[in-house]
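Trainee: coords please:
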Amino acid sequence: MFDVDVYEYDEKRDGDRCWLSGALWAFPPWTALMRQWLDATAFGIWRAYDMWDVPGTHGWDVRVYNGVFYLSSVFVDDEERKEREQRFLAKTAKVMEDPVGLWESSKLQLKEIIDQLSSFDVENAINADLADHIYDCVDWTRRMATKIHYFVMGVLGGLTFYFRDMLIKHTGILPSDVKFSKLMAGYDSTLYKANKGLAELGTRATELGLQQVFDALEPEDILTELGKSDQGRKWLEEFNEYMKVYGLRTQVHGIAKPTWLEKPSIPIAEIRRMMAIGGLHAPDFRREELAKERAETEKEILSMVPEAERPLFEKLLRCAQAFTYFQEDHICYCEFPFFALMRRAGIEAGKRLVKAGILDEPQDALLLYPVELQLALQPLGHRSGVREIAKKRKEENERYLKAEHPPVLGDPAKFEEMVRHDPILAIGIAKPIAAAEEVGAVVVGAAGAPGVAEGIARVVMSVDEIHQVQLGEILVAPATSPQWVPVFSIIKGVVTDLGGALAHAVIVSREYGIPAVVGTFEATQKIKTGQRIRVDGNQLRVYVLD
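Mentor: Numbering: from 1, shown residues only. Below you'll find the predicted structure:
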């Protein structure tokens, strides 16, 4: 699918380094855009780290194995690290004064670009203009990633890394400790607001007497039925207003699956899930309590820091908190809308190519690179041979889906060294703090969200399967991403294979008030659906009860 051999993992060439799975972000089936995203990821992190002189690493290298990309950090030696540290602190001085402001100003730029791309009339454009628009989508997606997304992530991640080191030095508190979790909790984001909107729509449906419609029908049929009554049409007006704000959203990290605008039954299913718990949105009920705990913890910890170092320590603390907010907020302005707009253009091209007898189905257009789509859309597009290209890549995806995707490739002994040098990996991925057999647990994690919960395990290997999760179950997954957020409203706890102190599952679990244990490396192998388990987010242990 990548058509560039240098991306393929080679044990002889690459086996002396540690490579971490990127399955959390991008998993088959692949589309052409994911090649663009792979390029942007590698280049964006490299550009950001070197622009800011982030100590420890020059950025990420990437490889592909069985259809999944793997990343490895290219770290610097100790002498160069000291030189970069001084430049990093000087370059980031202004950011430290207003870390949230850096992201908020970036959002304004992104909104302008999104509005511009959204206004393009894909259905009525001539083929040449549609092809040009596809290039625009790809180009702006790359610019978004390399000049905004990773630019902000690189500097805030680097400053969070500094905060972590100062925190350990002066207080002994590790990122895996409950107190670290309390320092980062209680912040709203656009992602949570979107979920709150789903909960409010669920409550509104109940108020309008529409509960029976949601209970009796499948999500695909609910919208049609609602259009038959006055109350239903009133609800649909509110739903459509919600979709204008949040509908540019993808199910996966890419364009392989329909967007919410394309398939409204997706958010309808989430709304029905919210209705099952009374239309509640836990973060809103907890935010005041979490903010109070955060303030108390800050006061306690600041008292442990030498007075001369408190000003810098407090600035770095605000940067770490800003990074937590950014982690949950940025996808609504980066991946979601840009991927959705790229898919919209690709599907429109696919419809035209199917009508012209050049492709078998619209979805096949997503397997083509922009230059291939351009050739297919031209007057002699039937000579482009894209049908065979799409067929070959679909067959590749089928093989990828059946293949094994280990969490780590290469030399696992290099894991510790890699995360010690790389700020984003260090706070996003870590190893278990203890051996499970030594403490009598089935698995032990690297970080988590506080609390203890017992319930039935539900092992879910991809976001496509989250509809299987039932009210009150404990989610066990390789990792979670923003696409998983709605399910946090109904679960009692979370356990993941991958993750660290600021992994997605940890951040969201804190806000929803459910215990989490992440970074176990083997939860999906050791735990089975239907088992009753106990998740102890305070000690980062998981036990099988029966």
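
Trainee: point out where the chain drops to low pLDDT.
Mentor: 1-6, 24 (pLDDT under 70).

Trainee: residue nearest the centroid of it?
Mentor: Geometric centre of the chain, nearest residue: Ser481, 3.6 Å, by Cα atoms, centre = their mean.

Trainee: so who does that residue touch?
Mentor: With contact set as Cβ atoms under 8 Å, 6 or more residues apart in numbering, Ser481 has these partners: 24-25, 253, 331, 463, 504. Using the backbone N, CA and C atoms, a C-beta is placed for each residue, glycine as well.

Trainee: and it, how far from Ile331?
Mentor: 8 Å (Cβ to Cβ, to the nearest Å).

Trainee: and if you look at Lys182?
Mentor: 24 Å.

Trainee: more neighbours: these two, which one.
Mentor: More crowded of Lys182 and Ile331, by other Cβ atoms under 10 Å: Ile331, with 24 against 20.

Trainee: leaving out the residues flanking it, which one is nearest to that one?
Mentor: Nearest non-adjacent residue to Ile331, counting by Cβ to Cβ, 6 or more residues apart in numbering: Pro482, 4.5 Å away.

Trainee: that neighbour and His330 touch, don't they?
Mentor: No: between Pro482 and His330 no contact is recorded; they are 9.2 Å apart, counting by Cβ atoms under 8 Å.

Trainee: ranges for the strands of this structure?
Mentor: 18-21, 57-65, 68-75, 408-410, 443-444, 447-449, 452-459, 474-477, 493-496, 516-518, 532-536, 541-544 (DSSP state E).

Trainee: may I see the buried residues of the fourth one?
Mentor: Looking back up the chat, that one is strand 408-410. 408-410 (16 or more other Cβ atoms under 10 Å).

Trainee: can you check the second one too?
Mentor: Within strand 57-65, the residues that qualify as buried are 57-65, counting by 16+ other Cβ under 10 Å.

Trainee: now that strand and strand 68-75, what's the angle there?
Mentor: Computed by axes from the mean of the first three to the mean of the last three Cα atoms, to 10 degrees, the angle separating strand 57-65 from strand 68-75 equals 160 degrees.

Trainee: show residues contacting strand 57-65.
Mentor: 2, 7-10, 14, 17, 19, 22, 38, 41-42, 45-50, 69-76, 405, 409, 421-423.

Trainee: sort out which of those residues are buried, if you could.
Mentor: By 16+ other Cβ under 10 Å, the contacts of strand 57-65 give 2, 7, 9, 14, 17, 19, 22, 38, 41-42, 45-49, 69-76, 405, 409, 421-423 as buried.

Trainee: re earlier: any idea how far the residue nearest to the centre of the chain lies from Ser181?
Mentor: Taking Cβ to Cβ, one finds Ser481 at 20 Å from Ser181.

Trainee: and Ala256, by the same measure?
Mentor: 34 Å.

Trainee: cool, and Glu335?
Mentor: Taking Cβ to Cβ as the measure, Glu335 falls 25 Å from Ser181.

Trainee: show me which of these two is the more surrounded one.
Mentor: Between Glu335 and Ser181, counted using other Cβ under 10 Å, Ser181 has the larger neighbour count: 27 against 24.

Trainee: for Phe415, what are its contacts?
Mentor: Per Cβ under 8 Å, 6+ apart, neighbours of Phe415: 18, 20, 408, 431.

Trainee: of these - the most surrounded one?
Mentor: Leu20 (24 neighbours).

Trainee: name the nearest residue to that one, sequence neighbours excluded.
Mentor: Leu20 sits nearest to Leu71 (Cβ to Cβ, 6+ apart), 5.7 Å away.

Trainee: dump stretch 23-37 to PDB, restricted to CA.
Mentor: The C-alpha coordinates for stretch 23-37 follow below in PDB (Å, rounded to 0.1, in the frame of the first residue of the first chain):
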ATOM      1  CA  ALA A  23      -2.000   0.700  15.900                       C
ATOM      2  CA  LEU A  24      -3.700   3.100  18.300                       C
ATOM      3  CA  TRP A  25      -3.700   5.800  15.600                       C
ATOM      4  CA  ALA A  26      -3.800   4.000  12.400                       C
ATOM      5  CA  PHE A  27      -4.900   0.400  11.700                       C
ATOM      6  CA  PRO A  28      -5.900  -1.300   8.500                       C
ATOM      7  CA  PRO A  29      -7.700  -1.100   6.300                       C
ATOM      8  CA  TRP A  30      -5.300   1.500   4.800                       C
ATOM      9  CA  THR A  31      -6.300   4.300   2.500                       C
ATOM     10  CA  ALA A  32      -4.000   6.500   0.400                       C
ATOM     11  CA  LEU A  33      -4.300   9.300   2.900                       C
ATOM     12  CA  MET A  34      -2.600   7.200   5.600                       C
ATOM     13  CA  ARG A  35       0.500   7.300   3.400                       C
ATOM     14  CA  GLN A  36       0.200  11.000   3.500                       C
ATOM     15  CA  TRP A  37      -0.300  10.900   7.300                       C
END
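
Trainee: off-centre distance for it?
Mentor: With Cα atoms, centre = their mean, to the nearest Å as the basis, stretch 23-37 stands 13 Å off its chain's centre.

Trainee: stretch 372-380 too?
Mentor: Going by Cα atoms, centre = their mean, where stretch 372-380 is centred and where its chain is centred differ by 34 Å.

Trainee: how about stretch 150-159?
Mentor: Using Cα atoms, centre = their mean, the offset of stretch 150-159 from its chain centre is 16 Å.

Trainee: repeat that for stretch 421-434.
Mentor: For stretch 421-434, the distance to the chain centre is 17 Å (Cα atoms, centre = their mean).

Trainee: likewise for stretch 133-150?
Mentor: Chain-centre distance of stretch 133-150: 18 Å, with Cα atoms, centre = their mean.

Trainee: show me what that stretch is in contact with.
Mentor: Residues contacting stretch 133-150 (Cβ under 8 Å, 6+ apart): 33, 36-37, 39-41, 43-45, 47-48, 106, 109-110, 113, 117, 120, 122, 125, 330, 334, 338-339, 341-342, 345-346, 349, 370, 373-374.
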